[in-house]
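Student: Here is a sequence together with a model predicted from it:
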Amino acid sequence: MVKVTAPAMSMDARGSLGGTLTFSNWKGRPYVRQLVKPSNPKSAGQVATRAMMKFLGSVWANIAALSQATWDTLAAADSISAFNAYIRDNMKRWTQNDAPAQETPAAESDLAGIASNDAATAGVGQIQYDVDITTLNQNWGIIIFRKTGSAPTGVHTEAVAVIEALTADTFTFVDTGLEPGTYYYKSQPFSLEGVKGALSGGANATVT
């Protein structure tokens with residue numbers, strides 16, 4: 001159903017029509033485009049994109065006001081919010097296989113933490129993956145990679161989760177909805193300024 005706010009073809013419309021067109025509004029400008037359903041909503045690239053988007057959105061409120069303010073100039077130039085500028089530029093860094101940063105421009109002069117002691121424990125349709133941050137440095141988060149057939153290499157499309165990690169502690173990710181098979185995991189810490197640390201040693205487990 002399409003909701004219209006003017007007669008006939010409408011000056012403003014929201015929603016979908018006949019499963020083929022979708023109407024919306026962007027920066028005050030109405031638009032219509034073809035309604036496209038992804039052929040594989042669980043592809044590696046889409047899982048990795050959602051993992052980083054979820055992380056960035058969830059930690060924004062925890063970033064210091066002075067760091068948030070560094071995004072104001074970029075935001076003003078494109079008439080968007082500082083939050084949207086932060087999301088946009090960090091997602092661009094992500095597609096280039098770089099880690100996100102709390103400030104812009106990313107100084108990349110600090111140190112990520114050190115991850116070790118990986119452990120993977122299989123359950124019914126799921127695996128619990130645990131990893132330790134043994135040395136904190138100026139760490140911000142951990143990227144968790146998963147692959148079948150062999151160990152992950154650390155490319156961003158292998159990522160299945162991104163977790164905030166601001167303490168030297170054990171961090172747990174429960175990977176659900178898995179088909180039977182052997183899954184390999186590694187972690188990579190990253191710093192407040194977008195510096196990646198070394199990949200962890202890795203662990204694997206088999207879902208039956």
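Tutor: Alright, I've got the coordinates. Residues are numbered from 1 along each chain as shown.

Student: so where's this protein shaky on pLDDT?
Tutor: Using pLDDT under 70 as the threshold, the predicted model of the chain has low-confidence ranges 1-41.

Student: Can you give me the domain boundaries for it?
Tutor: What the record gives for the chain is the domain set 2-34, 40-208, from automatic domain parsing.

Student: Could you pull out the buried residues of the longest helix along the chain?
Tutor: The helix of greatest length in the chain, counted in residues with DSSP state H as the criterion, is given as helix 44-59. Under the neighbour-count criterion of 16 or more other C-beta atoms under 10 Å, helix 44-59 has 44, 47, 48, 49, 50, 51, 52, 55, 56, 59 buried. In this view, the C-beta of every residue, glycine as well, is placed from N, C-alpha and C.

Student: now the third one, nearest residue through space, not along the chain?
Tutor: This points to residue 48. What sits nearest to residue 48 in space, not counting adjacent residues and going by C-beta to C-beta, 6 or more residues apart in numbering, is residue 159, at 4.3 Å.

Student: That neighbour contacts residue 143, doesn't it?
Tutor: Yes: using C-beta atoms under 8 Å, residue 159 and residue 143 qualify as a contacting pair, with a distance of 5.3 Å.

Student: who's more crowded, the two?
Tutor: Taking neighbours as other C-beta atoms under 10 Å, residue 159 and residue 143 compare with residue 143 leading, 30 against 24.

Student: dump the residue contacts of that one.
Tutor: Residues counted as contacts of residue 143 (C-beta atoms under 8 Å, 6 or more residues apart in numbering) are 99, 156, 159, 161, 162, 187, 188, 189, 190.

Student: Show me the helices in this structure, by range?
Tutor: Counting by DSSP H, the segments of the chain that form helices are 44-59, 65-69, 72-78, 82-95.

Student: just to revisit the earlier point, from the domains of the chain, which stretch is densest packed?
Tutor: Looking across the domains of the chain with neighbours counted as mean count of other C-beta atoms under 10 Å, the highest average goes to domain 40-208: a mean of 17.

Student: centre of the chain versus that domain, how much separation?
Tutor: Here domain 40-208 is found 6 Å from its chain centre; the criterion is C-alpha atoms, centre = their mean, to the nearest Å.

Student: Could you report the distance from the closest residue to residue 71 other than its chain neighbours to residue 68?
Tutor: Spatially, and ignoring its direct neighbours in sequence, residue 71 is nearest to residue 82 (4.0 Å; C-beta to C-beta, 6+ apart). Shown here: residue 82 relative to residue 68, a distance of 6 Å by C-beta to C-beta, to the nearest Å.
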